[in-house]
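Chemist: pasted the sequence and its predicted model underneath.
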Amino acid sequence: VRLVESGGGLVQPGGSLRLSCATSGFMFSSYVMSWHRQAPGQERGLVASITGAGSITYYTDSVKGRFTISRDNARNTVNLQMTALKPEDTAVYYCKGRSRSGTNMYWGQGTQVTVSE
């Protein structure tokens, strides 16, 4: 099983980034996929999630209207489009896959997003 995040980097406030998570080794289309983030000294928290068919999405309040989660089941990838970025969005962003039963859970290694002048 592999989950590999990409697309992080340094961006100015108000800018945009698109994170991608390429996966392999599990039945991607049947997994709930999500993005989480962890800032220094803080616990890892859920940012957004999307169901297997992509029909239901969830966003934490602080990113609603700015971030969009999407998935491509043909390519086994999940993306996070981030716009209007703020310094408080600075964190390591992690991709996670969870089976419907909750039995299986997989994490990527994370990608750093830094929002600063």
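Modeler: Received it, and whenever you're ready, just let me know what you need. Numbers count the residues shown, from 1 in each chain.
Chemist: just the pLDDT for the residue lying closest to residue 29 once chain neighbours are set aside.
Modeler: Take residue 29 and drop its neighbours on the chain: the residue closest to it by CB to CB, 6 or more residues apart in numbering is residue 73, 4.2 Å away. Backbone N, C-alpha and C define where each C-beta goes, glycine included. Per-residue pLDDT puts residue 73 at 98.
Chemist: I figured residue 73 was touching residue 28, is that so?
Modeler: Yes - at 6.3 Å, residue 73 counts as touching residue 28 under the criterion of CB atoms under 8 Å.
Chemist: out of these two, which sits in the busier spot?
Modeler: Just comparing residue 73 and residue 28: by other CB atoms under 10 Å the higher neighbour count belongs to residue 28, 20 against 16.
Chemist: for the more buried one, give me its contacts.
Modeler: Listed by CB atoms under 8 Å, 6 or more residues apart in numbering, the contact set of residue 28 reads 73, 76, 97.
Chemist: same check, this time on residue 45
Modeler: Contacts for residue 45 were tallied using CB under 8 Å, 6+ apart; they are 36-38, 60.
Chemist: looking at these, which is nearest residue 116?
Modeler: Using CB to CB, residue 37 is the member of the contacts of residue 45 that sits closest to residue 116, with 15.7 Å.
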